[in-house]
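J.: What follows is a protein structure lacking sequence information:
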């Protein structure tokens, strides 16, 4: 049954296996029924959306974000001595 479905797809599909929580499985099944598509198709759509979001970050945007972080904690009084702060964090088992 599934082989026939896959063979009818115009895409070249590769099989993979994932683990979902019980809640994810239930919610995915509900959406699948409402949308009249397979859970696999919904997962492919979600992966495409995720990958599209990842691809939109250019190197220039990443640099701008990093530059924007400079001085972020400049006004923190507990960071006056970064070495002491890090030592205290490590001493507590961090």
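T.: Arrived safely. Note that the coordinates shown come from a computational prediction; the quantities given were computed from them, not determined experimentally.
J.: for this structure, which spans come out with low pLDDT?
T.: 1-10, 94 (pLDDT under 70).
J.: In which helix or strand does the residue nearest the centre of it reside?
T.: Here the mean C-alpha position of the chain is nearest to the C-alpha of residue 50 (CA atoms, centre = their mean), at a distance of 6.8 Å. Residue 50 belongs to helix 39-55 when assigned by DSSP states H and E.
J.: which residues touch that helix?
T.: Outside helix 39-55, the residues that touch it by CB atoms under 8 Å, 6 or more residues apart in numbering are 18, 28-29, 31-32, 35. The way it works is simple: take the backbone N, C-alpha and C, and place the C-beta from them, glycine included.
J.: Of these, select the buried ones using a ChimeraX command.
T.: Listed next is the ChimeraX selection for buried residues among those, using 16 or more other CB atoms under 10 Å:
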select :28,32
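J.: Would you check which pair of the contacts of helix 39-55 lies furthest apart?
T.: 18 and 35 (19.3 Å; CB to CB).
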